[in-house]
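Q: Okay, here's the prediction I keep looking at, along with the sequence it came from:
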Amino acid sequence: MRLFLSGFFLIICSLAHCAELLSVTWPTNSGAPPVQLESNASQLLPAFRLALTTLPEASIVSLALSQPPLLGLTPAQAATLQPLTAQRYRLMAESALYSQAPSALPYCFSSEKPKNGLATVYVPSGATSATPVIIFLHGYGGSYLWYQHYLSEVFPDHIIICPAYGISSAFIPQKYVSEAITAVSKHLTFQVSSPSLIGLSAGGFGACRIYVQTQHFYSRLICLAALPPDDTVFRFIPQAVPRFLSGGNEPFVIAGDFHRQINVIRRSCPGAEEATIPGADHFFLLTHPVQTIEFLRRWLSTQSKANLTEQTSTGS
């Protein structure tokens, strides 16, 4: 019997890579304000909140995509995303680690300002204080589990912290993110340090804003599918490591605003990088995963920062 249980544990460890998926909470005064939507979408909120308490996240996302105004999408965008997100959730259903993971969406769509913070955390096997860390800020619509599943597939050796912050992380306070890091460090019993900060869409705006406040704290910034906000472009220091990736068909890319904003940043931060994915729009993580992952892996490599640090110090 003992041998059987030992073998069963090894099978589970093999399936889940001996990793953990945690929901970490902490008391906070910095939670997001209650969700506010336009009148048409706000009429859907009571039914949507009820669904959040009874349905799995895969069904919730499918329901939300059937009502595009709830997520600020056009019908065409929702039709594109429906099969792509369904595929992500099918993969999650096959995962021993993610199949029973709790959703953060009920927290994100709370009718009241929460008194506790919430972060979903992926922890690889054997994690220590030397394990690289990603802080991921979600876009409009809330903190979906598929974001974390996507990142943990690509970076299975990273600790991945996904703070949930209302319906949008565009104005997430640095204090809230710091609280999340402290709470995760306490849970893991070691201090996580030098995290890479990644923000998607509205979370890209939020990531830019908190990065320029605390540039020495984060090892780098990766802003996805977002234009750097005007209130950040003059605040990057020479040693900063910002990276910006957007779809080539984004209106702000076509209009030239994306390139102009990055050029402003380069005046004070010569190592800033930008890239676009040809033929892609706002949802390139799902529509163009190969190209997206290639950029993420290159930009998150420790060597990429080492090269930039050497260039900055030598003035090359």
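A: Right, received. Where do you want to start?
Q: pretty sure V121 contacts V24?
A: Yes: between V121 and V24 there is a contact at 5.5 Å, judged by C-beta atoms under 8 Å. For the C-beta atoms, the positions are set from N, CA and C on the backbone; glycine is no exception.
Q: Could you check which of these two is surrounded by more residues?
A: V121 (22 against 18; other C-beta atoms under 10 Å).
Q: What strand or helix carries the more buried one?
A: strand 116-123 (DSSP states H and E).
Q: mind listing the strands in this protein by residue range?
A: 20-27, 116-123, 133-137, 159-164, 196-200, 220-224, 242-247, 273-277 (DSSP state E).
Q: which parts of the third one are buried?
A: Of the residues in strand 133-137, those with enough neighbours to count as buried (16 or more other C-beta atoms under 10 Å) are V133, I134, I135, F136, L137.
Q: Which of those residues sits closest to S152?
A: Proximity of those to S152 (C-beta to C-beta) peaks at I134, which lies at 9.5 Å.
Q: Can you check which residues contact both of V121 and V24?
A: Applying C-beta atoms under 8 Å, 6 or more residues apart in numbering, one finds that V121 and V24 are jointly contacted by V184, H187.
Q: Which parts of this structure are helices?
A: For the chain, the helices defined by DSSP state H cover 2-16, 39-42, 45-54, 57-65, 75-93, 105-108, 145-154, 174-188, 202-213, 251-254, 257-268, 284-287, 289-300, 302-314.
Q: Name the stretch among the ones you listed that sits most buried.
A: Of all the helices of the chain, helix 202-213 has the most neighbours on average by mean count of other C-beta atoms under 10 Å, namely a mean of 25.
Q: picking up where we left off before, format the helices of the chain as JSON lines; extra columns: distance to A275.
A: Shown next, in JSON lines, are those (distance: least, C-beta to C-beta, whole Å):
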{"stretch": "helix 2-16", "distance to A275": "33"}
{"stretch": "helix 39-42", "distance to A275": "33"}
{"stretch": "helix 45-54", "distance to A275": "36"}
{"stretch": "helix 57-65", "distance to A275": "28"}
{"stretch": "helix 75-93", "distance to A275": "21"}
{"stretch": "helix 105-108", "distance to A275": "29"}
{"stretch": "helix 145-154", "distance to A275": "17"}
{"stretch": "helix 174-188", "distance to A275": "25"}
{"stretch": "helix 202-213", "distance to A275": "14"}
{"stretch": "helix 251-254", "distance to A275": "11"}
{"stretch": "helix 257-268", "distance to A275": "10"}
{"stretch": "helix 284-287", "distance to A275": "11"}
{"stretch": "helix 289-300", "distance to A275": "6"}
{"stretch": "helix 302-314", "distance to A275": "13"}
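Q: Where among those is average confidence lowest?
A: Note on the helices of the chain: lowest mean pLDDT is at helix 2-16, with a mean of 36.
Q: Can you pull up the most central residue in this structure?
A: F136 (3.1 Å; C-alpha atoms, centre = their mean).
Q: circling back: output the strand holding V121 in CSV, but only the C-alpha positions, please.
A: C-alpha atoms of strand 116-123 as CSV (Å, rounded to 0.1, in the frame of the first residue of the first chain):
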residue,chain,number,x,y,z
ASN,A,116,-8.3,41.9,1.2
GLY,A,117,-5.9,41.7,-1.8
LEU,A,118,-5.7,38.6,-4.0
ALA,A,119,-3.0,37.1,-6.1
THR,A,120,-2.8,33.8,-7.9
VAL,A,121,0.7,32.4,-7.8
TYR,A,122,2.5,29.7,-9.8
VAL,A,123,5.4,28.2,-7.9
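Q: What is that strand packed up against?
A: strand 20-27, helix 145-154, strand 159-164, helix 174-188 (3 or more C-beta pairs under 8 Å, 6 or more residues apart in numbering; DSSP states H and E).
Q: 10 Å instead?
A: strand 20-27, helix 105-108, strand 133-137, helix 145-154, strand 159-164, helix 174-188 (3 or more C-beta pairs under 10 Å, 6 or more residues apart in numbering; DSSP states H and E).
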